[in-house]
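Enquirer: have a look; sequence and predicted model below, questions after that.
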Amino acid sequence: MQALRLIFLGPPGTGKGTQASRLSRRFGLTALSSGDTLRNEIRQQSEVGLSAKAYMDAGKLVPDEVITGVMLLAIARLPAGSGYILDGFPRTVPQAEALELGLEARGAPIHRVVDFVVADQVIVERIASRRVCSNCFATYNTRFFPPAVAGVCDKCGGEVVQRADDREDVIVTRLATYRAQTAPLVEFYERRGLLSTVDAAQDADAVEQELLRVVSALGAKA
Ligand code: AP5
């Protein structure tokens, strides 16, 4: 099975985007990040982007109907039979229900949901030192994965900056939002027998190895 359909779940800053990028390269999947999709909408000053910005800057979730429409459309636009990783979507039970219905209609349900588990203190440290490319959204870290030239993206030469929602006060709100609105999805997917857990506190290579064990159990080969 090559056309894997995966969801990466977990609090902010646990490394979902970092691993989505690694795994999608290895297996030829498309990484669909809800956060990057919204940041792209903001850059284009679209209606969705303009309505999402205030929620994102405050560390709150954008309304379910907005993100669900955007992400179901992104999935529908993929070539038939494509595999993908949903990074950051769904994030509430209503979003998960809407996704389930949408994928049922396409006859292509999710194969596995991976929950990234890390202590809050590590999350705060990682987010505080995260930097992203303002052009292609590639992710760096001043402590763990700095770009070769400070402030310049290795991939596209864009400017590497701190995200507006990576300030310490906003991180606290994002963690609280996760506990209140997203954590219930762990039980939602556990009940469906779809949940796997990875210890995301390890270094990125070790996390990737754990993920490879999860996907090879699904029959995927790199
Ligand atoms: P989004 O962009 O999805 O943010 P997030 O889920 O909060 O996740 P992050 O991007 O913060 O972290 P990550 O887990 O991808 O970690 P990363 O790989 O970067 O969402 C932003 C906002 O958009 C939300 O707050 C909300 O407003 C809105 N939104 C998005 N989706 C929505 C939805 N479905 N519904 C409603 N609203 C939505 O890693 C973090 C750092 O650690 C990096 O610097 C990285 O280099 C480093 N790192 C990664 N792995 C390791 C490791 N193993 N060891 C050391 N460092 C590591």
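Expert: Right, received. Where do you want to start? These numbers come from a predicted model, not from an experiment.
Enquirer: switch to C-alpha atoms for all contacts and neighbour counts from now on
Expert: Fine.
Enquirer: up against the ligand, what does this protein have?
Expert: Taking CA under 6 Å from any ligand atom, the part of the chain that reaches the ligand is made up of 12-18, 34-36, 55-56, 59-62, 67, 88-91, 126-127, 129-131, 139-141, 144-145, 174, 200-204.
Enquirer: and those, which are buried?
Expert: 12-18, 34-36, 56, 59-62, 67, 88-91, 126-127, 129-131, 139-141, 174, 200-201, 204 (16 or more other CA atoms under 10 Å).
Enquirer: what's the neighbour count on R179?
Expert: R179 has 13 neighbours, counted by other CA atoms under 10 Å.
Enquirer: sec struct for it, please.
Expert: Using DSSP: H, G, I helix; E, B strand; the rest coil, the structure places R179 in helix.
Enquirer: relative to Q44, how far out is it?
Expert: 31 Å (CA to CA, to the nearest Å).
Enquirer: from the residues of the chain next to the ligand, which ones fall inside strands?
Expert: R130, R131, T139, Y140, N141 (DSSP state E).
Enquirer: surely the fourth one and I127 touch.
Expert: No. Checked against CA atoms under 8 Å, the pair Y140 and I127 is beyond contact range at 10.3 Å.
Enquirer: now L211. Nearest residue, chain neighbours left out?
Expert: V198 (7.1 Å; CA to CA, 6 or more residues apart in numbering).
Enquirer: spit out the contact partners of the one you found.
Expert: Taking CA atoms under 8 Å, 6 or more residues apart in numbering, we find V198 in contact with V114, D115, F116, V117, V207, E210, L211.
Enquirer: below-threshold pLDDT in this protein: ranges please.
Expert: 1-2, 222 (pLDDT under 70).
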